[in-house]
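> Structure, please.
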Amino acid sequence: MSFLGYKNYKSTGVDWLREVPSHWQIRRIKSLFEIKKSIANADGFDVLSVTQGGLKVKNIESNEGQLSMDYSKYQVVEPNDFVMNHMDLLTGSVDIASVNGVTSPDYRVFTPKSDQVCDRFFLYLFQNGYRQKIFYAFGQGSSQLGRWRMPTKSFNDFVFPFPPPQEQAAIAAFLDRETSKIDALVAEQKRLIELLGEKRQAVVSHAVTKGLILNVGMKDSGVEWLGEIPEHWQVYRLGDLFGESMETGDETLPILSVSIHTGVSDRELDERDFDRNVTRSEDRTKYKSVQPNDLTYNMMRAWQGGFGTVLINGMVSPAYVVARPKRNFFTAFVEQQLRTPHAIEEMRRHSKGVTDFRLRLYWDEFKSLRVAIPDMGEQATIVGFVAAQTQTIGALSAEAEAAITILQERRSALISGAVTGKIDVRDRVPQQVAAE
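This is a model prediction of the structure:
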C-alpha cells in the first residue's frame, strides 16, 4: 500500500518537523495539555506503571519490579489521563490511562485542555517521539545511567503539529485500523517462533533421552526424570563422568562467557555483546582454565540453562564450576540431555538457596545427578542430528524474526508519516468512522 503526500506544505521552522500540510497549525504542548500533580495521600489504589507494552497495573504483592515503601506519595491518575515516563527518553514510553490509580511521582501526568485534542492522535504523536528518538535531543541528565529526562520547560515548549480536530480523528482511526492489522501479523510470526521452539525442544528431548533408533527395546532407567531409556544405554552419575577442575588460567587466554541462551562463547566478548551487566575482575590470574569438551556452569544460573560445552582453550569466571571429562564421551550430548525441561527442573531441585534468584548448584549436588548415554558412535549421530535440527529450525525462526522487524519498521514509518503529515490518509477512512 502506497500513500501520497498533501498537495501543499508550509515550513514550521522546527528542525525535527520541518514542514506540515499548509492547513495544519503548529502548537506548543502547553497550549494543548495541562500537567497534573495530584498526590494520593492514601494507599489502596491500583499502582500503574508505564511499560513498552502500555500502562500496566503493577502487582505490588510480588517482588517483581521496583517497589515503593509508601504509595500514598504517588500521583493520582484518572481515566483518559496521559502518563509519560519522561525520566527515560531512550527506553521509556507514554500511554493513556483506562482506569483510576496512582503512578510514580517521577512520571508526568497530563490531560488535554479542550475537546479539540483527539486523544488517540496525540498518543500516536507522543509515542512517535519516543520511537523516532525525537524527544531524546531535548533531554538532560545522564543517558548512560538511564536518566535522560525531559525537563518541564522543554516539555511545555515542545512543538507538535496540530491538524483540524476531524482530521486528527481520521488519522487516528486509520492508524488504529492499520496498526491492528500489522500487530496481528506480528503476533502470527511470534506464535510461529514459539511453535518452532516447542518443536525443537520436543525433537531434541526425544533424541537425547530415547535415541533415534526405531522400535528399540526400552528399560526403566531408575531415574525419575529420565523414565524409560533404550535398553543398551547406560546410566551414570555426573561425578562418574566428570571431575571438578580448579586449574587456574593463563593470562593470554580469552575469558569465555556462559549464556542461558547460547551456552559457552567461542571467543572473549566485550560489553556490547552481553544481554545484561557483567562485572569482570581486572586480575585475570583468578580465572579458571577450560579446554575443549569441558562442561562449565554458572552456579547461580545452572537451573536456568547457564551451562555449556567448551569449544576452545580459555578461561571462565572463578565463580563458575568447571567439570572435566574423566572418560571418553561427547560432552555436547550430556549438555543437550541436561537442557531438557525435566533435567533443568532436576537441577533446580538440587540447587540450594532461600529464593529462586539465590539458588546455587554446587559441585557436590551437580555430581550426584544422573544421566543416560549410549556408545560413542550413537552419541555422535545424535549430536549431529540435534545440530542439524537446530540449524534448520533456527533458520525458520530467523526468517520469522526478520519478518517481525520489517513489520515493526513498517508500523513505525506509517505512524510517523501520518501524524507529521508526510502522507495523506484522509480518504482511507470513511468519515463516519473518523467521527466516532
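> tell me the domain boundaries of this protein?
Domain segmentation of the chain under automatic domain parsing yields 28-162, 212-274+283-373.
> how far out from the middle of the chain is the last one?
Translated: domain 212-274+283-373. 25 Å (C-alpha atoms, centre = their mean, to the nearest Å).
> shaky segments in this structure?
The model of the chain has pLDDT under 70 over residues 1, 60-70, 143-146, 271-282, 430-436.
> remind me, longest helix of it?
Taking DSSP state H as the criterion, the chain has its longest helix at helix 165-210.
> Would you mind identifying the next helix or strand past that helix?
Going down the chain from helix 165-210, the next helix or strand is strand 218-220, by DSSP states H and E.
> pretty sure residue 34 is touching residue 109, no?
No. Applying C-beta atoms under 8 Å as the test, residue 34 and residue 109 come out as separate, 9.9 Å apart. Placement of C-beta: from N, CA and C, glycine included.
> re earlier: can the domains of the chain go into TSV with extra columns for distance to residue 183 and mean neighbour count?
Below are the domains of the chain laid out as TSV (distance: least, C-beta to C-beta, whole Å; neighbours: other C-beta atoms under 10 Å):
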stretch	distance to residue 183	mean neighbour count
domain 28-162	11	16
domain 212-274+283-373	26	17
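> the residue most distant from the middle of this structure, which is it?
Among the C-alpha atoms of the chain, the one most distant from their mean position (C-alpha atoms, centre = their mean) is that of residue 217, at 43.4 Å.
> Could you pull up the contacting residues of it?
When contacts are counted by C-beta atoms under 8 Å, 6 or more residues apart in numbering, residue 217 touches 230-232.
> so what does the helix or strand that residue 402 is a member of touch, helix or strand wise?
Element membership of residue 402, judged by DSSP H and E, is helix 376-419. With contacts taken as 3 or more C-beta pairs under 8 Å, 6 or more residues apart in numbering; DSSP states H and E, helix 376-419 sits against helix 119-131, helix 165-210, helix 331-338.
> how many degrees apart are it and helix 119-131 in direction?
120 degrees (axes from the mean of the first three to the mean of the last three C-alpha atoms, to 10 degrees).
> quick one, strands of the stretch 251-400 of the chain?
Taking DSSP state E, counting those that start in this stretch as the test, the strands found in the stretch 251-400 of the chain are 258-259, 263-264, 288-290, 295-298, 307-309, 314-316, 320-325, 370-373.
> How about residues contacting the third one?
Think strand 288-290. By C-beta under 8 Å, 6+ apart, the residues outside strand 288-290 that reach it are 245-250, 253, 256, 264, 296, 310, 313-318, 320, 322.
> now swap in the fourth one and tell me
For strand 295-298, contacts defined as C-beta under 8 Å, 6+ apart pick out 242, 256, 258, 264, 288, 290, 306-310, 316-317, 319-323, 325, 331, 334-335, 361, 366.
> centre of the chain versus stretch 118-129, how much separation?
On C-alpha atoms, centre = their mean, the centre of stretch 118-129 falls 24 Å from the chain's centre.
> Can you give the contact residues for that stretch?
Applying C-beta under 8 Å, 6+ apart, the contact partners of stretch 118-129 are 32, 80, 82, 84, 93-96, 112, 134-135, 160-161, 163, 165, 168-169, 171-173, 175-176, 412, 415-416, 418-420.
> Mind doing that once more with 6 Å?
Counting by C-beta atoms under 6 Å, 6 or more residues apart in numbering, stretch 118-129 makes contact with 94, 96, 135, 160, 168-169, 171-172, 175, 415-416, 419, all of which sit outside it.
> all strands of the stretch 1-150 of the chain, in order?
Here the stretch 1-150 of the chain has its strands, by DSSP E, counting those that start in this stretch, at 9-11, 19-21, 25-28, 33-36, 47-51, 54-58, 75-77, 82-84, 94-96, 101-103, 108-112, 140-142, 147-149.
> Residue 389: what's its closest spatial neighbour, skipping adjacent residues?
residue 203 (5.3 Å; C-beta to C-beta, 6 or more residues apart in numbering).
> any idea how far the one you found lies from residue 240?
Applying C-beta to C-beta, to the nearest Å, the value for residue 203 to residue 240 is 28 Å.
> do residue 338 as well
In this view, residue 338 and residue 240 are 15 Å apart by C-beta to C-beta.
> got it, and residue 270?
As judged by C-beta to C-beta, residue 270 and residue 240 stand 38 Å apart.
> any idea how far residue 148 is from the nearest residue to residue 307 once chain neighbours are set aside?
Once flanking residues are discounted, residue 307 sits nearest to residue 297: 3.4 Å by C-beta to C-beta, 6+ apart. Per C-beta to C-beta, residue 297 is found 37 Å from residue 148.
> who's in contact with whichever strand or helix holds residue 236?
For residue 236, the host element (DSSP H and E) is strand 234-237. For strand 234-237, contacts defined as C-beta under 6 Å, 6+ apart pick out 221, 370, 372.
> got it, and stretch 33-48?
Against stretch 33-48 from outside (C-beta under 6 Å, 6+ apart): 55, 57-58, 60, 71-72, 74, 76-77, 101-103, 109-113.
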